[in-house]
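Engineer: Below is the structure, and that's it, no one-letter string:
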């Protein structure tokens, strides 16, 4: 059974920082590209960032580039998201999941591999 446990969310003011953590089993984590997604209130879930198994490639959605940093600790089966200079539009429930890219008419999109965990809520006030 796949278990993804996100933590680290909270309520912060605009401009502040948070660090999210995600823990999972070795079976779920090993050799997989790991990603963070988020779902803002009333909106669809969207891709935020991803990191390859060997830490040699990272990907970010444009709106978080330069502010968020994804990292992983393969010895701990954990992935992290350091979020700096938070904005109200970053308010969302954040989820982690192993992920892969899939072809779309626009090019490609990130797709989660497993069932979602409970997520962690980030609220940024202005």
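Structural biologist: Perfect, I can see it now. Note that the structure is a prediction, hence the values are computed from the model and not measured.
Engineer: Show me the helices in the chain, by range?
Structural biologist: 26-29 (DSSP state H).
Engineer: now what about the lowest-mean-pLDDT helix or strand in it, what contacts it?
Structural biologist: Using mean pLDDT, DSSP states H and E, helix 26-29 stands out as the lowest-scoring helix or strand of the chain, at a mean of 85. With contacts defined as CB atoms under 8 Å, 6 or more residues apart in numbering, helix 26-29 is touched by 2-4, 74, 77-79, 98, 114. Placement of C-beta: from N, CA and C, glycine included.
Engineer: residue contacts, the closest residue to residue 55 other than its chain neighbours?
Structural biologist: Nearest residue to residue 55, sequence neighbours excluded (CB to CB, 6 or more residues apart in numbering): residue 72, at 6.3 Å. By CB under 8 Å, 6+ apart, the residues touching residue 72 are 34, 51, 55, 78-80.
Engineer: List the beta-bridge partners for residue 72.
Structural biologist: residue 79 (DSSP bridges).
Engineer: Kindly provide the distance from it to residue 90.
Structural biologist: 21 Å (CB to CB, to the nearest Å).
Engineer: picking that back up, how near is the residue nearest to residue 55 to residue 19?
Structural biologist: Separation of residue 72 from residue 19 (CB to CB): 13 Å.
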